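S.K.: I need the structure of the sequence given here:
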Amino acid sequence: MSKKVNPYKDSELGKKEQVRQMFDTISGNYDGLNRVISFGIDVKWRRKVVKLVGEKSPKAIMDIATGTGDLAIALANTGAKRVVGLDISPGMLEVGKEKVSKKNLENTIDMVIGDSENLAFEDNTFDAITVAFGVRNFENLEKGLGEILRVLRPGGQLVVLETSVPTKFPFKQGYAFYTKYILPGIGKLFSKDRSAYKYLSESASVFPHGKDFNNILAKIGFIGIENMPQTFGVASIYVATK
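M.R.: Coordinates of the predicted model:
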């Protein structure tokens, strides 16, 4: 069994500041990177998230780790009156604000800088909260999930889209080869910050997924927890209720 790698071991900075700097650096290339490394399937995954959220007809939604706003923009299609896109990276948010403006959604979507572990919102504020490819970046996972639980309204829904590691042959072996040899090469084409793309693959490999993440959600206090593996298990959608 291979030893897991700590993506943060080489820096004196805390995880939160490393993540902020990394995403500021790659913000201009992030959308293109997402399309390439997932072969465009990430768009399909986000649509599933929007469908799950829309079934509850939420009026107020927050998308944490919104990045450049792809999911926040898609969530406007649920009919929600208010969508908050929150991210720790000013660079990512600037790209997102331009996209929101081009789609004339400024009256629906607010793109705000914020820390997922210290949300500047009152208790019971949102009907739904989403996090796409962001929970593995939380410095303190349980604290961040606890904050989400706090600002969700009773009966509110959390939907998380996150990378996971396939467990069945041959997808497990193919995924390992792709993340070790192919993904770093793609990263070199998109940015001079090679460490960012090394981090993206390594952070996915050490993040608790499947039943392990379900158990953490239950420990925090969520109920009705489900996880739905996507595309042979390379990603998972988790749904939980307050």
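
S.K.: From here on, just use CA atoms for contacts and neighbour counts.
M.R.: Will do.

S.K.: Any regions of this structure where pLDDT drops low?
M.R.: Along the chain, the parts satisfying pLDDT under 70 run over 1-13, 26-39, 171, 174-175, 177-205.

S.K.: What segments of it are strands?
M.R.: With DSSP state E as the criterion, the chain has strands at 60-64, 82-87, 109-113, 126-132, 152-163, 223-230, 235-241.

S.K.: would TSV of these with mean neighbour count be doable?
M.R.: Output for those, formatted as TSV (neighbours: other Cα atoms under 10 Å):
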stretch	mean neighbour count
strand 60-64	26
strand 82-87	24
strand 109-113	20
strand 126-132	25
strand 152-163	22
strand 223-230	16
strand 235-241	22
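
S.K.: Serialize those strands to TSV and add fields for distance to residue 24.
M.R.: Formatted as TSV, these follow (distance: least, Cα to Cα, whole Å):
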stretch	distance to residue 24
strand 60-64	16
strand 82-87	11
strand 109-113	12
strand 126-132	17
strand 152-163	20
strand 223-230	28
strand 235-241	24
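
S.K.: list the contacts for residue 85?
M.R.: Residue 85 makes contacts with 62, 63, 64, 65, 66, 69, 72, 109, 110, 111, 112, as judged by Cα atoms under 8 Å, 6 or more residues apart in numbering.

S.K.: rewinding a little: of the strands of the chain, which is nearest residue 22?
M.R.: Closest to residue 22 of these, according to Cα to Cα: strand 82-87, at 12.9 Å.

S.K.: Can you list the strands that that closest one pairs with?
M.R.: strand 60-64 (parallel), strand 109-113 (parallel) (DSSP bridges).

S.K.: gap between that strand and the chain center?
M.R.: Taking Cα atoms, centre = their mean, to the nearest Å, one finds the center of strand 82-87 at 13 Å from the center of the full chain.

S.K.: Bridged to residue 160, which residues?
M.R.: For residue 160, the beta-bridge partners under DSSP bridges are residue 131, residue 238.

S.K.: That one and residue 136 touch, don't they?
M.R.: No - in this structure residue 160 lies outside contact range of residue 136 using Cα atoms under 8 Å: 10.6 Å.

S.K.: any idea which of the contacts of residue 85 is closest to residue 51?
M.R.: Nearest member of the contacts of residue 85 to residue 51, counting by Cα to Cα, is residue 72, at 13.0 Å.
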